[in-house]
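A.B. asks: next come a sequence and a model predicted from it.
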Number of protein chains: 2
Amino acid sequence: MEKIQLLEFFKIINGETWLVEDERDNMKLYYRVKEVLSSKKSPFQHVNIIDSYDFGRCLVLDGVMQTTELDGYIYNEMISHIPVVTHQNPKKVLIIGGGDCGVANELSKYKELESVDMVEIDKVVVDECVDKLTMISGNAPNDERINFLFEDGIKFVKDKEKCYDVAIVDSSDPVGPAEVLFSEEFYVDLKKSLKDDGIMVCQSQSPIFHKEVLKRTRDILKKHFPIVRTYKAVVPSYPGGMWSFTLASFKYDPLNANLERLVKNTKYINKDIFKSCFSLPNFMKEYLDIE
Amino acid sequence: MEKIQLLEFFKIINGETWLVEDERDNMKLYYRVKEVLSSKKSPFQHVNIIDSYDFGRCLVLDGVMQTTELDGYIYNEMISHIPVVTHQNPKKVLIIGGGDCGVANELSKYKELESVDMVEIDKVVVDECVDKLTMISGNAPNDERINFLFEDGIKFVKDKEKCYDVAIVDSSDPVGPAEVLFSEEFYVDLKKSLKDDGIMVCQSQSPIFHKEVLKRTRDILKKHFPIVRTYKAVVPSYPGGMWSFTLASFKYDPLNANLERLVKNTKYINKDIFKSCFSLPNFMKEYLDIE
């Protein structure tokens, strides 16, 4: 077997390998690693698949945990099922990002969808996750309705008009390449790519540690859509545990969704979770100016 | 000013002080510290109050974060308001543990309570939190209805019969001294201390990392109480973010609570959160055998 060269974000302590996340100013996280399964340098980033003790297999980009076997399904289910069930007749879906293929895998559970365009800039991430993170990528690579497009999502949406029923922005953190995915210009282009009754959703970061990102995202979307709903989920492997998503819609309101359309083969979401994820704590309502 | 001797769980890295939590096998957490405000050795443990960058002021026991300015109110509100509002006429409340006084502070918001017995084994923790963690201990030290009893909670409940309307077990993790607070014997004693329409609640650990603790706690309580409800909250500074609580009751069901009794001066809980915290994800329902 080829010996894998460990990058600087792995440390050996007493003969054990640890992944060290220390890009934050005020917190460092050490994860004990069973095995570094692969290490690739793509044109965009370092791509590692590791097997960890607490979180199982994980995708690590430039030394930062992105999605894990333990809890990746929570994020992927919450960003996928909510908009697809809210829309009453979705046929065409767009995913921006989503390289781990977890969102595509959730969408593949909906028979009524005709096509899913998944626009991910980094083919190496997709190839690695399809090969080694099958518990997350699941059925996505076998579903012929899913079109894998290895392109820049920002450029991709620029010339699309009224193409999609649902658009899902599954971005990484708003630093470096993903920063523009949080810009007003991008949301305006994305809005234009939606049909007249379309819905878009994005992850809007931690309601605790990134209040300003959530608030700005919500404020921008409120300028452009009549219905905007922020919802929450717990993602244990993300700092702060609580995570936010913001949905924007021309016509359909998730608070009135027909929950009979929600598929049953999920690990986190169910009808009660769908309804209750829109209940926000007082401290969030306060800074988001929600009554 | 007296120079504080740093214990072994503090590390100096490039001139900065970090609190290192490395008692877990598979994960280490480093928190950047602005200042170690105090360091006391009680008969039971090392008690530190620190000021941290991300979490504000924190209580640290034997090197492990217990409660923080950033999110301590979430845990304290969820373990206090749910049982007190569920009970339709609470007068006498028992707290086991709760040394940071956060639970006592939440209870002090209810005018209808006549007395709160707070049984905490470690007086040093209470003194330190009343002195330096006032954003958590709040009004508790000034509320004459609260009786601070520095005793062993296990022994305290042994001879109590039908004394309390509500009992709240605010324990630390089930290792070392707090382990017995998760035993069937203790829950049976606690049950005996409740009036005929009494309610008890305990924190039942992470639904992700300590499934077996939650399941065992729930199973024990189901043997002894007709109504048992598990609920969830997000506590960002706890590993895994999601936290569970289990409520056991002779008569009152939180699903039918009169939410008009919920006080307004809270930062996390509100009527929607009260109702929605009982919605559990599929993976929890599965291992807890909930339909």
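C.D. replies: Structure received. Because the structure is a prediction, the values reported are computed rather than measured.

A.B. asks: below-threshold pLDDT in the stretch 101-250 of chain A: ranges please.
C.D. replies: Low-confidence segments of the stretch 101-250 of chain A (pLDDT under 70): A:175-177.

A.B. asks: close to chain B: what parts of it are there?
C.D. replies: A:Ser206, A:Ile208, A:Phe209, A:Lys232, A:Val234, A:Val235, A:Pro236, A:Tyr238, A:Pro239, A:Gly240, A:Gly241, A:Met242 (C-beta under 8 Å from any C-beta of the partner chain). From N, CA and C alone the C-beta is placed, and that goes for glycine too.

A.B. asks: which residues does A:Leu94 contact?
C.D. replies: A:Val116, A:Asp117, A:Val119, A:Val157, A:Lys160, A:Cys163, A:Tyr164, A:Val166, A:Ala167, A:Ile168, A:Ser193 (C-beta atoms under 8 Å, 6 or more residues apart in numbering or on different chains).

A.B. asks: name the nearest residue to the residue in the stretch 101-250 of chain A that chain B sits nearest to, sequence neighbours excluded.
C.D. replies: Going by C-beta to the nearest C-beta, chain B is nearest to A:Gly241 of the stretch 101-250 of chain A, at 1.5 Å. In this structure, A:Gly241 finds its nearest non-sequential neighbour in B:Gly241, 1.5 Å apart by C-beta to C-beta, 6 or more residues apart in numbering or on different chains.

A.B. asks: need phi/psi at the one you found.
C.D. replies: phi 70, psi -50 (degrees, to the nearest 10).

A.B. asks: three-state assignment of A:Lys34?
C.D. replies: State at A:Lys34, reduced to three classes by DSSP: H, G, I helix; E, B strand; the rest coil: strand.

A.B. asks: tell me which element A:Lys40 falls in.
C.D. replies: strand A:27-41 (DSSP states H and E).

A.B. asks: now that strand: buried residues?
C.D. replies: By neighbour count on 16 or more other C-beta atoms under 10 Å in any protein chain shown, the buried set for strand A:27-41 is A:Met27, A:Lys28, A:Leu29, A:Tyr30, A:Tyr31, A:Arg32, A:Val33, A:Val36, A:Leu37, A:Ser38, A:Ser39.

A.B. asks: what does stretch A:49-64 give?
C.D. replies: Neighbour counts over stretch A:49-64 (16+ other C-beta under 10 Å) mark A:49-50, A:52, A:54-61, A:63-64 as buried.

A.B. asks: near chain B too, which of these?
C.D. replies: A:Ser52, A:Asp54.

A.B. asks: could I get the buried residues of stretch A:49-64 as CSV with pLDDT and secondary structure?
C.D. replies: As requested, the buried residues of stretch A:49-64 are exported to CSV (pLDDT from 0 to 100; DSSP: H, G, I helix; E, B strand; the rest coil):
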residue, pLDDT, secondary structure
A:Ile49, 97, strand
A:Ile50, 97, strand
A:Ser52, 96, strand
A:Asp54, 91, coil
A:Phe55, 93, coil
A:Gly56, 96, strand
A:Arg57, 97, strand
A:Cys58, 97, strand
A:Leu59, 97, strand
A:Val60, 95, strand
A:Leu61, 93, strand
A:Gly63, 92, coil
A:Val64, 90, strand
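
A.B. asks: looking at the buried residues of stretch A:49-64, which is nearest chain B?
C.D. replies: Of the buried residues of stretch A:49-64, the one sitting nearest to chain B (C-beta to the nearest C-beta) turns out to be A:Asp54, at 4.3 Å.

A.B. asks: of the contacts of A:Leu94 - the most surrounded one?
C.D. replies: The most crowded member of the contacts of A:Leu94, judged by other C-beta atoms under 10 Å in any protein chain shown, is A:Ile168 (31 neighbours).

A.B. asks: residue contacts, A:Val235?
C.D. replies: A:Asp71, A:Ile74, A:Tyr75, A:Gly241, A:Met242, A:Trp243, B:Gly241.

A.B. asks: next, count neighbours for the residue of the stretch 101-250 of chain A closest to chain B.
C.D. replies: A:Gly241 is flanked by 27 other residues according to other C-beta under 10 Å.

A.B. asks: now do the same contact list for it.
C.D. replies: A:Val234, A:Val235, B:Val234, B:Val235, B:Pro236, B:Tyr238, B:Gly240, B:Gly241, B:Met242.

A.B. asks: over to A:Phe245?
C.D. replies: A:Phe245 touches A:Met78, A:Ile79, A:Ile82, A:Val201, A:Cys202, A:Gln203, A:Ser204, A:Thr230, A:Tyr231, A:Lys232, A:Ala233, counting by C-beta under 8 Å, 6+ apart.
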